[in-house]
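Novice: no sequence on hand, only this structure:
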Ligand SMILES: O=P(O)(O)OC[C@@H](O)[C@@H](O)c1c[nH]c2ccccc12
């Protein structure tokens with residue numbers, strides 16, 4: 001783990017809030033919907049596997065969408081989303097664990113809990129199919145412990161990396177689902193070449209996800225050509241600046257990105 005002083009101020013503030021956040025009262029026990037199976041089903045019916053993210057706002061968003069999170073998630077599934085990612089971080093992303101629970105009841109695709117989990121008891125804040133763990137913010141031993149603790153509870157851990165060194169750490173921790181974040185948490189800037197530089201090092205049996213900065217069908221094709229099994233897309237689907245933008249259409253455009261490749 002690198003020191004927090006290397007991080008953008010917004011990220012330091014997110015981490016400060018995350019350190020304070022309590023865990024759940026009881027150890028959760030999840031019967032998870034499989035992400036690899038959902039990805040295979042999407043491929044079988046010619047959909048690009050898109051994990052669409054319910055993110056009411058973020059430190060880099062143009063505004064806030066206060067639509068009902070369940071309606072947003074249903075609209076994403078309607079547009080062909082393979083899975084739904086839900087920000088549960090309350091103070092910087094407008095998320096909540098309640099939204100995740102309601103969404104998971106309403107849709108039948110896998111649901112990812114997107115948060116800044118630093119300690120084991122924070123795994124118990126809410127049940128979800130997948131759980132994000134970010135290499136940058138965890139000591140390697142803590143990461144390995146959290147991967148194991150997440151699996152014991154039934155979660156599929158999605159381990160997020162930003163470079164090849166972090167990929168090594170993720171693999172050593174036993175990660176089977178890995179996301180490469182194109183957004184640099186030190187500067188909050190997006191560069192799709194991040195995924196392109198890390199992907200060739202990822203073993204074939206890993207489910208590999210390109211995260212952040214995918215906004216057009218051309219970006220989808222670029223990430224797929226570089227080896228992405230699935231894409232995690234928030235901003236381009238939520239379209240924060242245009243409050244009434246059609247989330248189903250925004251999802252469908254990306255899901256169908258490989259249809260017109262002639
Ligand atoms: O909105 P974008 O650029 O499509 O990015 C989505 C997702 O990758 C991003 O929200 C994200 C990636 N890793 C995170 C960790 C915490 C919070 C958010 C994230």
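Specialist: Thanks, I have the structure now. Since the structure is predicted, the reported quantities are computational estimates derived from the model, not experimental observations. Numbers count the residues shown, from 1 in each chain.

Novice: find the helix or strand that residue 228 is a member of.
Specialist: Counting by DSSP states H and E, there is no helix or strand that carries residue 228.

Novice: show the contacting residues for it.
Specialist: When contacts are counted by C-beta atoms under 8 Å, 6 or more residues apart in numbering, residue 228 touches 195, 199, 208, 209, 210. In this view, the C-beta of every residue, glycine as well, is placed from N, C-alpha and C.

Novice: which one of those residues sits closest to residue 82?
Specialist: Taking C-beta to C-beta as the measure, residue 82 lies nearest residue 209 of these, at 10.5 Å.

Novice: re earlier: list only buried entries from the contacts of residue 228.
Specialist: By neighbour count, with 16 or more other C-beta atoms under 10 Å, the contacts of residue 228 hold 195, 199, 208, 209, 210 as buried.

Novice: as JSON lines, those with pLDDT would be great.
Specialist: Below are these laid out as JSON lines (pLDDT from 0 to 100):
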{"residue": "195", "pLDDT": "98"}
{"residue": "199", "pLDDT": "98"}
{"residue": "208", "pLDDT": "98"}
{"residue": "209", "pLDDT": "99"}
{"residue": "210", "pLDDT": "98"}
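
Novice: out of those residues, list just those in helices.
Specialist: If you go by DSSP state H, the buried ones among the contacts of residue 228 have residue 195 in helices.

Novice: picking up where we left off before, what about the contacts of residue 228, which are in strands?
Specialist: Applying DSSP state E to these, the entries found in strands are 208, 209, 210.

Novice: find the nearest non-adjacent residue to the second one, please.
Specialist: Nearest in space to residue 209, with sequence neighbours left out and distances taken as C-beta to C-beta, 6 or more residues apart in numbering, is residue 179 at 4.1 Å.

Novice: got a list of what the one you found touches?
Specialist: By C-beta under 8 Å, 6+ apart, the neighbours of residue 179 are 132, 158, 159, 160, 161, 208, 209, 210, 211, 232.

Novice: what parts of the stretch 51-200 of the chain come near the ligand?
Specialist: Residues of the stretch 51-200 of the chain lying close to the ligand by C-beta under 6 Å from any ligand atom are 53, 55, 114, 160, 181.

Novice: now for the residues you listed: which two are most distant?
Specialist: Spatial extent of those (C-beta to C-beta) is set by the pair 55 and 160 at 14.9 Å.
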